[in-house]
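Enquirer: Got a predicted structure plus its sequence, pasted below:
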Amino acid sequence: MLSNRQKLILKAIIEAYVSDGVPVGSKALTDKPYLNFSSATLRYDMAKLEELGFLEKTHTSSGRIPSNMGYRYYVENLVTRDDEIKQIFPMIDQLFSEYENNREYAVKEAINLLSELTNYTSMVLGPNDMFARIKKVDFIPLTTSEAVVLIVTDKGHVQSETVSIPDQLSLDDFKRIIASLNDLLENQLVKDAKRILKNAYTEENIIEYMDYQERLVDTFVNAFKHMADQNVYLTGMGQMLLQPEFQDVNQIKELMYMLDRKELVKLIGHTNKLSIKIGREASFMPTDTCTIISVPYYVSDEDQGTIAIIGPTRMDYSKVIPLMEYVAKNIAKLYKK
């Protein structure tokens, strides 16, 4: 349990280090009016905080820097939202007002702005398509042996998959299979589609094409997966390279590879509250020097999306968190118009 004085000292060290990136010594703390303690007292508490694992000492300086444990304690107990960030809110309001009739573009521009304002990588996960309802399953024949199957949801999303039609299957037979699948899936939630399809393998009118239907079901399942994977926008990947924390070339290559393939979607997912993952708390991050902050936005009671920022652990949490919350709030309003 930290004393109130130790909490003040830890907060001051983290915010000073976030500000200038220089290890903090006791002399730098004596200049702060709210730390009216002797240098000996400050040095003692700094040593204690290091002993407890909240601070680390660098090899190149007598000062100390926050550990990931220190950052975790800070975001859970000490961080306050910086009111000065509200000066930027009118700029965000203007963006959403200007593009309110083009929701997709407005969201992308807001995420671009978030990246520019923070100098970090920003991303948005659209509302979870698993809660969309399937309105229609149809197909467009390309040749006698190939067709494009279309899956349309009530949110206007269309997923297309090209499939092969076996030689022994006529176009009328294929049409009957698709019509049967449409009857099964119409108005059903995407998240239930796989179960419904698997349970319908023994449908009498298509039982003679059981093996083909199973392959077709697998195609549908992949289509539903693509719906979720493609509903993401990411920007500012190059901003990561500008941060002084990222000096390990191999780690950067791994991180950029993950970002480029949008693998972080698996990590971030959809969260129902503010989420902060520091360093290796994000299970398959290739570096211990990253923080991922996620904030949800609600489209309905059962449907939500997420915005996220990926940056160094030395992040200005007091400004980034309220900025993200405000952007998320405006995205939610946009979906409800």
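Expert: Received it, and whenever you're ready, just let me know what you need.

Enquirer: Can you give the distance of the helix or strand containing Leu114 from its chain's centre?
Expert: Element membership of Leu114 [criterion: DSSP states H and E] is helix 103-118. From the chain centre to the centre of helix 103-118 is a distance of 14 Å (Cα atoms, centre = their mean, to the nearest Å).

Enquirer: contacts for that helix?
Expert: Contacts to helix 103-118, defined as Cβ atoms under 8 Å, 6 or more residues apart in numbering, come from residues 88, 91-92, 95-96, 98-100, 121-124, 126, 233, 235-236, 239, 307, 309, 311, 316, 319-320, 323-324, 327, 330-331, 334-335. C-betas here are computed from N, CA, C, even on glycine.

Enquirer: Out of those, which sit inside helices?
Expert: Among the contacts of helix 103-118, the members falling in helices are 91-92, 95-96, 98, 319-320, 323-324, 327, 330-331, 334-335 (criterion: DSSP state H).

Enquirer: Just flag the most distant two among those residues.
Expert: The distance between the two most remote of the ones in helices among the contacts of helix 103-118 (Cβ to Cβ) is 25.4 Å, for Lys319 and Tyr335.

Enquirer: pull the helix or strand with minimum mean pLDDT from the protein.
Expert: Averaged element by element with mean pLDDT, DSSP states H and E, the chain has its least confident helix or strand at helix 264-268 (a mean of 62).

Enquirer: Pull up the pairing partners for the helix or strand immediately after that one in the chain, direction included.
Expert: Following helix 264-268 in sequence order, the next helix or strand is strand 275-278 (DSSP H and E). Using DSSP bridges, the strands paired with strand 275-278 are strand 290-298 (antiparallel).

Enquirer: Let me know the angle separating the partner strand from helix 317-336.
Expert: 30 degrees (axes from the mean of the first three to the mean of the last three Cα atoms, to 10 degrees).

Enquirer: for the record, mean pLDDT for strand 290-298?
Expert: Averaged over strand 290-298, pLDDT sits at 91.

Enquirer: Mind listing residues that contact that strand?
Expert: Here strand 290-298 has contacts from 71, 255, 264, 267-268, 270-279, 282, 285, 304-313, 315, 317, 320-321, 324-325, 327-329, 331-332, 335, using Cβ under 8 Å, 6+ apart.

Enquirer: Now which of those residues would you call buried?
Expert: Buried members of those, scored by 16 or more other Cβ atoms under 10 Å, are 71, 255, 264, 267-268, 270, 275-279, 282, 285, 304-313, 315, 317, 320-321, 324-325, 327-328, 331-332, 335.

Enquirer: Can you list the residue ranges for helices in the stretch 51-200 of the chain?
Expert: 68-73, 89-98, 103-118, 171-185, 190-199 (DSSP state H, counting those that start in this stretch).

Enquirer: Pick the most buried one from the ones you listed.
Expert: Ranked by mean neighbour count under mean count of other Cβ atoms under 10 Å, those are led by helix 68-73, which reaches a mean of 21.

Enquirer: May I have it as PDB, with CA atoms only?
Expert: Taking Å, rounded to 0.1, in the frame of the first residue of the first chain, the C-alpha atoms of helix 68-73 are listed here in PDB:
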ATOM      1  CA  ASN A  68       5.100  -1.000 -16.500                       C
ATOM      2  CA  MET A  69       3.800  -1.800 -13.000                       C
ATOM      3  CA  GLY A  70       4.100   1.900 -12.200                       C
ATOM      4  CA  TYR A  71       2.100   2.800 -15.300                       C
ATOM      5  CA  ARG A  72      -0.500   0.300 -14.400                       C
ATOM      6  CA  TYR A  73      -0.900   1.700 -10.900                       C
END
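
Enquirer: Any chance you could list what contacts that helix?
Expert: Contacts of helix 68-73 (Cβ under 8 Å, 6+ apart): 2, 10, 13-14, 49, 53-55, 278-281, 288, 291, 313.

Enquirer: what pLDDT, on average, does that helix get?
Expert: Averaging pLDDT along helix 68-73 yields 96.

Enquirer: Pairing partners for the residue nearest to Gln243 when sequence neighbours are not counted in the sheet, please.
Expert: Spatial nearest neighbour of Gln243, excluding adjacent residues (Cβ to Cβ, 6 or more residues apart in numbering): Pro312 at 4.9 Å. With DSSP bridges as the criterion, Pro312 is bridged to Cys290.
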